[in-house]
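Asker: here you go, sequence then predicted model.
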Amino acid sequence: MRFMCVGDSMTIGRAGDFTWRYRMWQHLEAAFDGPYALVGPRTELYDTDAGTAASTAYAVPGFPADARRHLAGWGEGWLHMAPVIADAVAEHRVDVLLVSLGLIDLGFYTDSDQTALNARAFLTAARTANPHIKCVLLPVIPNIRAESDAPFAAECARFNELLAKAVADLDTAASPLLLASRPPGYDIHTDTYDGTHPGPSGEHRLAAAYADAMHQAWGLGGPYRAASEPLIPSPSASPVRASAPLAVRTG
(Lines give C-alpha, C1' and ligand atoms only; values in the text may rest on other atoms or scores of the structure.)
Protein backbone atom coordinates (compact mmCIF):
# COMPACT_ATOMS: atom_id res chain seq x y z
CA MET A 1 0.00 0.00 0.00
CA ARG A 2 1.37 3.35 -1.03
CA PHE A 3 0.75 6.39 1.18
CA MET A 4 1.40 10.03 0.25
CA CYS A 5 1.45 12.88 2.76
CA VAL A 6 0.11 16.10 1.26
CA GLY A 7 0.28 19.41 3.06
CA ASP A 8 1.68 22.83 3.76
CA SER A 9 4.44 23.96 6.14
CA MET A 10 3.01 21.84 8.96
CA THR A 11 3.72 18.78 6.81
CA ILE A 12 6.94 19.61 4.99
CA GLY A 13 8.62 20.90 8.16
CA ARG A 14 11.79 22.94 8.25
CA ALA A 15 15.45 22.13 8.78
CA GLY A 16 15.96 20.48 12.14
CA ASP A 17 12.40 19.13 12.49
CA PHE A 18 11.40 15.51 12.98
CA THR A 19 8.06 16.11 11.09
CA TRP A 20 4.83 14.22 11.64
CA ARG A 21 5.73 12.29 8.49
CA TYR A 22 8.60 10.74 10.46
CA ARG A 23 6.19 9.81 13.24
CA MET A 24 3.88 8.23 10.66
CA TRP A 25 6.77 6.21 9.25
CA GLN A 26 7.56 4.96 12.76
CA HIS A 27 3.92 3.97 13.21
CA LEU A 28 3.72 2.13 9.90
CA GLU A 29 6.96 0.30 10.67
CA ALA A 30 5.51 -0.91 13.97
CA ALA A 31 1.84 -1.43 13.18
CA PHE A 32 1.30 -2.02 9.47
CA ASP A 33 0.90 -5.67 8.55
CA GLY A 34 2.13 -5.96 4.99
CA PRO A 35 4.27 -4.12 2.48
CA TYR A 36 3.90 -0.36 2.30
CA ALA A 37 5.70 2.72 1.02
CA LEU A 38 5.61 6.44 1.66
CA VAL A 39 5.73 8.07 -1.76
CA GLY A 40 5.75 11.45 -3.45
CA PRO A 41 7.81 13.73 -5.69
CA ARG A 42 9.64 15.59 -2.89
CA THR A 43 11.86 14.65 0.05
CA GLU A 44 13.27 17.93 1.35
CA LEU A 45 12.53 20.16 4.32
CA TYR A 46 12.15 23.92 4.08
CA ASP A 47 15.36 25.89 4.60
CA THR A 48 14.36 29.18 6.25
CA ASP A 49 17.75 30.76 5.55
CA ALA A 50 17.64 29.97 1.84
CA GLY A 51 13.89 30.56 1.56
CA THR A 52 13.36 27.34 -0.35
CA ALA A 53 12.74 23.62 0.18
CA ALA A 54 16.36 22.53 -0.05
CA SER A 55 17.28 21.03 3.32
CA THR A 56 17.91 17.39 4.14
CA ALA A 57 18.66 18.13 7.82
CA TYR A 58 16.00 16.03 9.52
CA ALA A 59 16.32 15.79 13.31
CA VAL A 60 16.88 12.05 12.88
CA PRO A 61 19.50 11.33 10.21
CA GLY A 62 18.37 7.70 10.23
CA PHE A 63 14.99 8.58 8.72
CA PRO A 64 15.29 6.46 5.53
CA ALA A 65 15.56 8.42 2.30
CA ASP A 66 12.72 6.46 0.68
CA ALA A 67 10.39 7.17 3.61
CA ARG A 68 10.98 10.94 3.37
CA ARG A 69 8.93 11.25 0.18
CA HIS A 70 5.94 13.58 0.24
CA LEU A 71 3.96 16.24 -1.60
CA ALA A 72 4.10 19.22 0.74
CA GLY A 73 5.26 22.80 0.38
CA TRP A 74 5.87 25.82 2.56
CA GLY A 75 3.14 28.32 1.67
CA GLU A 76 1.19 25.85 -0.48
CA GLY A 77 -2.48 25.04 0.01
CA TRP A 78 -5.47 23.46 -1.72
CA LEU A 79 -5.10 26.21 -4.33
CA HIS A 80 -1.65 24.92 -5.28
CA MET A 81 -2.16 21.19 -4.82
CA ALA A 82 -5.41 20.76 -6.77
CA PRO A 83 -3.71 21.31 -10.17
CA VAL A 84 -0.84 18.88 -9.47
CA ILE A 85 -2.44 16.05 -7.48
CA ALA A 86 -3.60 13.95 -10.44
CA ASP A 87 -0.12 13.73 -11.93
CA ALA A 88 1.41 12.97 -8.52
CA VAL A 89 -1.10 10.20 -7.80
CA ALA A 90 -0.57 8.67 -11.23
CA GLU A 91 3.22 8.89 -11.22
CA HIS A 92 3.63 7.49 -7.71
CA ARG A 93 0.72 5.02 -7.87
CA VAL A 94 -0.80 6.32 -4.64
CA ASP A 95 -3.36 4.24 -2.74
CA VAL A 96 -3.92 6.50 0.30
CA LEU A 97 -3.65 10.28 0.63
CA LEU A 98 -3.01 11.79 4.07
CA VAL A 99 -3.94 15.46 3.62
CA SER A 100 -3.45 18.51 5.85
CA LEU A 101 -4.30 21.72 3.97
CA GLY A 102 -6.34 24.88 4.34
CA LEU A 103 -4.75 27.19 6.89
CA ILE A 104 -2.52 28.95 4.36
CA ASP A 105 -5.42 29.25 1.90
CA LEU A 106 -7.64 30.98 4.45
CA GLY A 107 -4.84 33.16 5.74
CA PHE A 108 -3.55 34.50 2.44
CA TYR A 109 -5.23 33.21 -0.72
CA THR A 110 -8.94 32.34 -0.65
CA ASP A 111 -12.03 32.54 1.54
CA SER A 112 -13.73 29.49 3.01
CA ASP A 113 -16.13 29.00 0.09
CA GLN A 114 -13.41 29.06 -2.56
CA THR A 115 -11.11 26.93 -0.42
CA ALA A 116 -13.83 24.30 -0.13
CA LEU A 117 -14.30 24.35 -3.90
CA ASN A 118 -10.55 23.85 -4.33
CA ALA A 119 -10.67 20.90 -1.92
CA ARG A 120 -13.43 19.32 -4.00
CA ALA A 121 -11.42 19.91 -7.17
CA PHE A 122 -8.42 18.24 -5.51
CA LEU A 123 -10.42 15.14 -4.62
CA THR A 124 -11.98 14.92 -8.07
CA ALA A 125 -8.58 15.23 -9.71
CA ALA A 126 -7.04 12.57 -7.46
CA ARG A 127 -9.79 10.18 -8.52
CA THR A 128 -9.09 10.73 -12.20
CA ALA A 129 -5.67 9.17 -11.56
CA ASN A 130 -6.91 6.44 -9.23
CA PRO A 131 -10.70 5.88 -9.05
CA HIS A 132 -10.19 3.75 -5.92
CA ILE A 133 -7.99 6.10 -3.95
CA LYS A 134 -8.58 6.46 -0.22
CA CYS A 135 -8.18 9.85 1.49
CA VAL A 136 -7.88 10.94 5.10
CA LEU A 137 -8.31 14.69 5.55
CA LEU A 138 -7.43 16.70 8.64
CA PRO A 139 -9.58 19.73 9.47
CA VAL A 140 -7.87 23.08 9.80
CA ILE A 141 -6.41 23.63 13.26
CA PRO A 142 -6.74 27.38 13.92
CA ASN A 143 -3.38 28.90 14.77
CA ILE A 144 -2.37 31.74 17.07
CA ARG A 145 -3.70 34.33 14.63
CA ALA A 146 -7.22 33.06 15.26
CA GLU A 147 -6.99 33.98 18.94
CA SER A 148 -7.17 37.71 18.18
CA ASP A 149 -8.53 37.79 14.62
CA ALA A 150 -12.21 36.87 14.94
CA PRO A 151 -13.01 36.97 11.19
CA PHE A 152 -10.10 34.61 10.48
CA ALA A 153 -11.25 32.26 13.25
CA ALA A 154 -14.76 32.30 11.76
CA GLU A 155 -13.38 31.45 8.31
CA CYS A 156 -11.48 28.49 9.77
CA ALA A 157 -14.63 27.21 11.47
CA ARG A 158 -16.74 27.69 8.34
CA PHE A 159 -14.20 25.92 6.14
CA ASN A 160 -14.16 22.94 8.49
CA GLU A 161 -17.94 22.73 8.16
CA LEU A 162 -17.68 22.90 4.37
CA LEU A 163 -14.91 20.29 4.35
CA ALA A 164 -17.06 17.93 6.40
CA LYS A 165 -19.89 18.43 3.92
CA ALA A 166 -17.56 17.75 0.99
CA VAL A 167 -16.40 14.51 2.59
CA ALA A 168 -20.01 13.45 3.20
CA ASP A 169 -21.02 14.35 -0.35
CA LEU A 170 -18.06 12.75 -2.13
CA ASP A 171 -17.44 9.64 -0.01
CA THR A 172 -18.07 6.43 -1.95
CA ALA A 173 -17.53 2.74 -1.33
CA ALA A 174 -15.10 2.63 -4.26
CA SER A 175 -13.09 5.64 -3.08
CA PRO A 176 -13.68 6.20 0.64
CA LEU A 177 -12.97 9.52 2.33
CA LEU A 178 -12.38 10.10 6.02
CA LEU A 179 -12.44 13.36 7.94
CA ALA A 180 -10.05 12.82 10.82
CA SER A 181 -10.83 14.39 14.16
CA ARG A 182 -8.80 17.28 15.47
CA PRO A 183 -6.12 15.54 17.56
CA PRO A 184 -7.46 15.20 21.13
CA GLY A 185 -5.74 17.59 23.49
CA TYR A 186 -3.90 19.45 20.72
CA ASP A 187 -2.84 22.81 22.18
CA ILE A 188 -1.11 25.35 19.95
CA HIS A 189 0.69 26.77 23.00
CA THR A 190 2.36 23.48 23.93
CA ASP A 191 2.21 21.33 20.79
CA THR A 192 3.71 23.91 18.40
CA TYR A 193 6.89 25.96 18.49
CA ASP A 194 5.34 29.20 17.19
CA GLY A 195 1.58 28.88 17.50
CA THR A 196 1.26 27.15 14.12
CA HIS A 197 3.95 24.56 13.34
CA PRO A 198 4.05 21.33 15.35
CA GLY A 199 6.83 20.55 17.75
CA PRO A 200 7.57 16.93 18.71
CA SER A 201 4.43 16.43 20.83
CA GLY A 202 2.29 18.01 18.12
CA GLU A 203 3.88 15.78 15.48
CA HIS A 204 2.85 12.72 17.47
CA ARG A 205 -0.70 14.02 17.83
CA LEU A 206 -1.02 14.72 14.12
CA ALA A 207 0.32 11.31 13.12
CA ALA A 208 -2.03 9.70 15.63
CA ALA A 209 -5.04 11.47 14.10
CA TYR A 210 -4.34 9.81 10.76
CA ALA A 211 -3.29 6.44 12.15
CA ASP A 212 -6.29 6.08 14.42
CA ALA A 213 -8.74 7.17 11.72
CA MET A 214 -7.39 4.57 9.29
CA HIS A 215 -7.38 1.85 11.92
CA GLN A 216 -10.88 2.56 13.19
CA ALA A 217 -12.53 3.02 9.79
CA TRP A 218 -10.59 0.70 7.53
CA GLY A 219 -8.73 -1.68 9.82
CA LEU A 220 -5.36 -0.48 8.50
CA GLY A 221 -2.45 -0.76 10.91
CA GLY A 222 -3.25 -0.46 14.59
CA PRO A 223 -3.87 2.19 17.23
CA TYR A 224 -1.14 4.81 17.34
CA ARG A 225 1.61 4.19 19.85
CA ALA A 226 4.24 6.89 20.23
CA ALA A 227 7.81 5.72 19.75
CA SER A 228 10.05 5.60 22.78
CA GLU A 229 12.42 8.46 22.00
CA PRO A 230 12.08 11.45 24.36
CA LEU A 231 9.99 14.41 23.26
CA ILE A 232 12.89 16.83 23.03
CA PRO A 233 12.41 20.16 21.24
CA SER A 234 13.57 20.17 17.64
CA PRO A 235 16.54 22.45 16.89
CA SER A 236 14.19 24.93 15.22
CA ALA A 237 11.86 25.10 18.16
CA SER A 238 11.21 28.18 20.24
CA PRO A 239 8.61 28.84 22.94
CA VAL A 240 5.29 30.35 21.92
CA ARG A 241 4.90 33.80 23.42
CA ALA A 242 1.78 35.90 23.76
CA SER A 243 3.51 38.55 21.69
CA ALA A 244 4.12 36.21 18.75
CA PRO A 245 3.11 37.78 15.41
CA LEU A 246 -0.55 37.25 14.68
CA ALA A 247 -0.31 37.44 10.90
CA VAL A 248 2.73 35.22 10.40
CA ARG A 249 2.63 33.63 6.98
CA THR A 250 1.60 30.08 7.76
CA GLY A 251 1.62 27.28 5.32
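Answerer: Sure, I can see it. Numbering: from 1, shown residues only.
Asker: in the stretch 151-251 of the chain, which spans are helices?
Answerer: With helices called from DSSP state H, counting those that start in this stretch, the stretch 151-251 of the chain shows them at 200-218.
Asker: could you list the low-confidence segments of the protein?
Answerer: 227-251 (pLDDT under 70).
Asker: and the strands in it?
Answerer: Ranges of strands within the chain are 2-7, 37-38, 45-47, 52-55, 71-72, 96-100, 134-137, 177-179, based on DSSP state E.
Asker: tally of neighbours for D169?
Answerer: 10 (other C-beta atoms under 10 Å). C-betas here are computed from N, CA, C, even on glycine.
Asker: swap that for S175, please
Answerer: By other C-beta under 10 Å, the residues close to S175 number 16.
Asker: and the one 4 residues further on, by the same measure?
Answerer: The criterion is other C-beta under 10 Å. On that basis, L179 has 18 neighbouring residues.
Asker: what bridges to it?
Answerer: L137 (DSSP bridges).
Asker: most centrally placed residue in the protein?
Answerer: The residue lying closest to the centre of the chain (C-alpha atoms, centre = their mean) is S100, at 3.2 Å.
Asker: so what sits opposite it in the bridge?
Answerer: G7.
Asker: pretty sure it is touching S9, no?
Answerer: No - using C-beta atoms under 8 Å, S100 makes no contact with S9, being 10.0 Å away.
Asker: show me what contacts the residue nearest to the centre of the chain?
Answerer: By C-beta atoms under 8 Å, 6 or more residues apart in numbering, the residues touching S100 are 5-8, 10-11, 137-138, 206.
Asker: and C5, by the same measure?
Answerer: Residues counted as contacts of C5 (C-beta under 8 Å, 6+ apart) are 11, 20-21, 24, 38, 40, 70-72, 98, 100.
Asker: and which of the residues you listed is nearest to P151?
Answerer: S100 (22.6 Å; C-beta to C-beta).
Asker: how close does that closest one get to T48?
Answerer: 20 Å (C-beta to C-beta, to the nearest Å).
Asker: might one say that T56 is in contact with Y46?
Answerer: No - at 11.5 Å, T56 does not count as touching Y46 under the criterion of C-beta under 8 Å.
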